[in-house]
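Q: Could you work out the structure for the sequence below:
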Amino acid sequence: MNNEIEALKPLPNRDSDWSRDSNLYKTFWEATRQGRLMVQECQVTGKKVWPPRFLSPFAPGTELKWVSVPTSGVVYTFNVVYRSFYPYFNDKVPYALVVVDLGDGVRLLGNTVGMDPTQIQIGMRMEAVFEKVDEQVTLVQWKPEDRGGQDGA
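A: The predicted model follows:
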């Protein structure tokens with residue numbers, strides 16, 4: 001008999017005690033399922049807002065609308081993880097977490113894929129990869145941008 005317990009992948013939980021806020025991300029999750037990234041934008045200032053909110057932080061009382069943003073950007077900061085603190089990640093270390101700057105004040109966090117995580121650098125061009133986990137969740141991961149055969153010089 002196998003006594004090992006399968007380690008499940010940790011996923012965003014839309015049925016948490018924070019259900020009041022779950023609808024804030026609904027449009028974001030719908031867009032990721034379609035391979036797109038969307039954030040909110042202040043209807044008065046035109047400034048992008050991430051993470052989502054109920055009202056604009058730039059113009060008090062102003063509503064926000066959802067807009068598409070680029071699926072590529074540059075590494076703003078990163079962390080290479082060498083030690084697993086959750087069983088699912090035991091055989092996945094090392095891996096890199098990156099914050100990718102998409103411009104207009106939008107920065108998204110995600111794992112890197114398709115690269116040696118120890119080679120990540122600030123300023124590296126990255127593009128989004130959409131990992132469909134189930135019908136509700138499609139995660140945003142990041143891989144080095146395909147530069148069409150260019151060596152980056």
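
Q: Please make it C-alpha for all contacts and neighbour counts, starting now.
A: OK.

Q: just the helices in this structure please.
A: 19-22, 26-33 (DSSP state H).

Q: Which parts of this protein are strands?
A: Under the criterion DSSP state E, strands of the chain are mapped to 37-42, 48-49, 64-69, 72-81, 95-103, 106-111, 125-132, 138-144.

Q: And for Gln43, the neighbour number?
A: 16 (other C-alpha atoms under 10 Å).

Q: so it touches Trp66, yeah?
A: No. The pair Gln43 / Trp66 is not scored as a contact, 9.9 Å apart, by C-alpha atoms under 8 Å.

Q: which residue sits closest to Val133, ignoring its sequence neighbours?
A: Once flanking residues are discounted, Val133 sits nearest to Leu139: 7.1 Å by C-alpha to C-alpha, 6 or more residues apart in numbering.

Q: Looking at the strands of the chain, spot the one closest to Ala31.
A: Closest to Ala31 of the strands of the chain is strand 37-42 (C-alpha to C-alpha; 5.9 Å).

Q: Can you get me the start-to-end distance on stretch 64-83?
A: 40 Å (C-alpha to C-alpha, to the nearest Å).

Q: Look at Pro117 and say how many residues are nearby.
A: Neighbour count for Pro117, taken as other C-alpha under 10 Å: 20.
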